[in-house]
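Colleague: Okay, predicted coordinates and the sequence, questions at the end:
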Amino acid sequence: MADAATRLTALAEDALGVPLPVRLRTWDGGEAGPADGPVLIIRDRRALRRLLWKPGELGLARAWVAGEIDVEGDLYTVLDRLAGVLWERGGESRGLLESARDPKVRAAVGALLKLAGPLPPPKPPLEEMRGRSGVRHTRRRDKQAISHHYDVGNDFYALVLGPSMVYSCAYWTEGGSLEEAQRDKLDLIARKLALKEGDRLLDVGCGWGSMAIHAAREYGARVVGVTLSREQAAFARKRIAEEGLTDRIEIRVQDYRDVTDGPFDAISSIGMAEHVGTVKYREYADALYGLLKPGGRLLNHQISRRPEPDEAAYEVDEFIDAYVFPDGELAPMGRTLTTLEDAGFEVRDVEAIREHYALTLRRWVANLEAEWDRAVRLTSPGRARIWRLYMAASAVSFERNRIGVNQFLAVRTPGSGTSGVALRPRVWSESAEPAGAADSAGAAGGR
C-alpha cells in the first residue's frame with residue numbers, strides 16, 4: 001500500500017493540475033515529490049482532519065499554528081514555490097472542490113478520510129481570534145481587534161522590531177541597518193510634512209511613540225499621538241519621559257474619531273489605515289480633513305493590494321483575519337487616492353515603496369528566528385509560529401507584487417489654491433531598486 005506522502009502528493013497534484021513544487025514528508029516517514037529543495041512536513045495526521053473540515057488557507061493555518069505542519073529548509077523558498085501554483089494560477093488550477101467531482105479524486109479523498117483518523121477535527125488553536133460579534137469597525141469591535149494584535153507584549157515586539165520600535169515599512173539605502181532605515185523613514189515623513197518648530201502634529205495610530213519622539217526631538221513639533229492599545233500607550237509614555245519630551249508629546253488611548261481638539265498643522269497616519277475598513281474609509285478621510293488647518297498636510301502610509309477583476313468578490317485573507325489583523329482590509333491604491341480626493345484633499349505625491357517592505361519583513365523574521373526560544377517564552381509556540389509565517393509570507397507577497405505600500409502626501413489646500421508644496425518636492429534616485437535588494441537573503445541571515 002502506498003504511504004501517506006505518496007497519496008497526498010497525488011491528490012494535491014490532481015487538485016492543482018501541476019506537479020507539487022515541494023517535497024512532502026508525512027508522519028509515517030514516507031516522502032514524495034521533487035528530491036531537490038525544501039520539504040513540507042506533516043507531523044501529525046490531525047492536520048488532515050483540519051483540512052478535510054476546513055479546506056484551504058484556514059485549515060492549513062490551524063495546522064501550522066498547532067505545529068502539525070512544518071518546513072525543513074528555507075521557509076521563503078517553500079512559500080515562493082507554493083505561491084506560483086496557489087496564488088498566481090488563478091482560474092487555471094481546478095481547486096479541491098471542483099477536482100472532487102472526479103471519481104478518481106473522490107476515491108483519493110475517501111482514502112484520506114481513513115488516513116485522517118477519528119473525526120471531528122481538533123479545536124482551533126487558542127491563538128485564533130474568537131468572540132467577534134456585531135458590525136465590523138464599530139469603536140468597540142475595532143478596539144478588540146487592535147488589542148488582539150498589539151497587546152501581545154511589548155517585550156515580544158521589541159524582540160521582533162528591534163530598538164526602533166517601528167512597526168511599518170522602513171526606507172532602505174545602501175548598507176544601512178534596520179534601525180537606520182526606520183529612522184530614515186520617520187525623517188522622510190517629517191520632511192514630507194514640512195514639520196518645523198512649534199507645529200502641531202497628530203499621529204494617528206502612534207504605536208510605541210517613535211514618530212512622535214522623532215518629530216518632537218528633531219523638528220520641535222508638539223505632538224498628540226492616539227492609539228487603541230493600552231500596552232503601546234504605556235510603553236510610549238515611558239520612552240517619552242526618558243527622552244525628556246513630556247512637555248511636547250501627549251499620548252492618548254483614544255479612537256481617532258473621538259479627537260476633537262484640532263486644528264493640526266500636520267497629520268501622520270503610518271500603517272493605521274489598513275485597520276479602518278473599506279466601508280469606513282471615507283469617514284476616516286473626512287475626519288482627518290476636518291482636523292487639519294487650511295494648508296495642513298496629511299502623510300498617509302498604507303499597504304495596498306492589487307485590484308480584483310470583480311471588486312465585489314474581494315475577500316479578506318482567512319489566516320490574517322483569524323490570527324494576525326482581525327477585520328483588517330486592504331484597498332487598491334487607486335481607491336485610496338480617490339477617497340482622499342473625495343474628502344477634499346489635494347493629493348500632491350504618491351511614493352510606492354513596495355520593495356522596501358520586503359526587505360523590512362525579512363529583517364524582522366531574522367530577529368524572530370535569532371531569538372526563537374525567548375519569543376516562545378514571551379508569548380506561546382503558536383504565537384511565534386504565526387508571526388514567522390505571516391511575516392515571511394508577507395515578504396513574498398511584496399516581492400511578487402501581490403501587495404504594495406504607498407505614501408500619499410495630501411494637502412487641505414485652501415480656496416486660494418496655494419498648496420505650500422515646492423515645485424519639485426522630490427528627487428528621484430537613479431537606482432531601479434532599493435540598495436541591498438540583491439543581497440536580501442544574506443541580510444536575512446539565511447532565513
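Modeller: Yep, that arrived.
Colleague: residue contacts, Pro125?
Modeller: Pro125 makes contacts with 62, 65-66, 382, as judged by C-beta atoms under 8 Å, 6 or more residues apart in numbering. Where you see a C-beta, it was placed from the backbone N, CA and C, and this is true even at glycine.
Colleague: Can you give me the distance of the residue nearest to Gly84 when sequence neighbours are not counted to Ala5?
Modeller: Spatially, and ignoring its direct neighbours in sequence, Gly84 is nearest to Pro21 (6.7 Å; C-beta to C-beta, 6 or more residues apart in numbering). To Ala5, Pro21 is 15 Å away according to C-beta to C-beta, to the nearest Å.
Colleague: Could you do Asp265 as well?
Modeller: Applying C-beta to C-beta to Asp265 and Ala5 gives a distance of 62 Å.
Colleague: how far does stretch 280-288 sit from the chain's center?
Modeller: Taking C-alpha atoms, centre = their mean, to the nearest Å, one finds stretch 280-288 lying 21 Å from the centre of the chain it belongs to.
Colleague: buried ones in that stretch?
Modeller: 280-281, 283-285, 287-288 (16 or more other C-beta atoms under 10 Å).
Colleague: Have a look at those and tell me the least confident one.
Modeller: On pLDDT alone, Lys280 ranks lowest of those, at 90.
Colleague: does that one sit in a helix, a strand or a coil?
Modeller: helix (DSSP: H, G, I helix; E, B strand; the rest coil).
Colleague: Verify the contact between Phe319 and Lys54 for me.
Modeller: No - Phe319 is not in contact with Lys54 according to C-beta atoms under 8 Å; the separation is 11.4 Å.
Colleague: Give me the more crowded residue out of these two.
Modeller: Between Phe319 and Lys54, counted using other C-beta atoms under 10 Å, Phe319 has the larger neighbour count: 21 against 17.
Colleague: Spatially central residue in the chain, please.
Modeller: Nearest residue to the geometric centre of the chain (C-alpha atoms, centre = their mean): Ser394, 6.4 Å.
Colleague: hmm, back to that, the residue nearest to Gly84 is in contact with Val85, isn't it?
Modeller: Yes - using C-beta under 8 Å, Pro21 is in contact with Val85, at 6.2 Å.
Colleague: now what about stretch 253-263, what contacts it?
Modeller: Here stretch 253-263 makes contact (C-beta under 8 Å, 6+ apart) with 139, 142-143, 200, 202, 204-205, 224, 226-230, 233, 272, 283-284, 287-288, 290-293, 296.
Colleague: what about that stretch, start to end distance?
Modeller: 19 Å (C-alpha to C-alpha, to the nearest Å).
Colleague: If you count neighbours, what's buried in it?
Modeller: For stretch 253-263, the buried set under the neighbour-count rule, 16+ other C-beta under 10 Å, comprises 254-256, 259, 262.
Colleague: And the furthest pair within these?
Modeller: The distance between the two most remote of the buried residues of stretch 253-263 (C-beta to C-beta) is 14.8 Å, for Asp255 and Gly262.
Colleague: all strands of this protein, in order?
Modeller: Along the chain, counting by DSSP state E, strands occupy 23-26, 31-32, 39-42, 69-72, 200-204, 222-227, 249-253, 264-270, 292-305, 346-352, 403-411.
Colleague: okay if I get those strands as a markdown table plus mean pLDDT?
Modeller: Shown next, in a markdown table, are the strands of the chain (pLDDT from 0 to 100):
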| stretch | mean pLDDT |
| --- | --- |
| strand 23-26 | 94 |
| strand 31-32 | 94 |
| strand 39-42 | 95 |
| strand 69-72 | 96 |
| strand 200-204 | 98 |
| strand 222-227 | 97 |
| strand 249-253 | 98 |
| strand 264-270 | 98 |
| strand 292-305 | 97 |
| strand 346-352 | 97 |
| strand 403-411 | 98 |
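Colleague: Cool, thanks, signing off.
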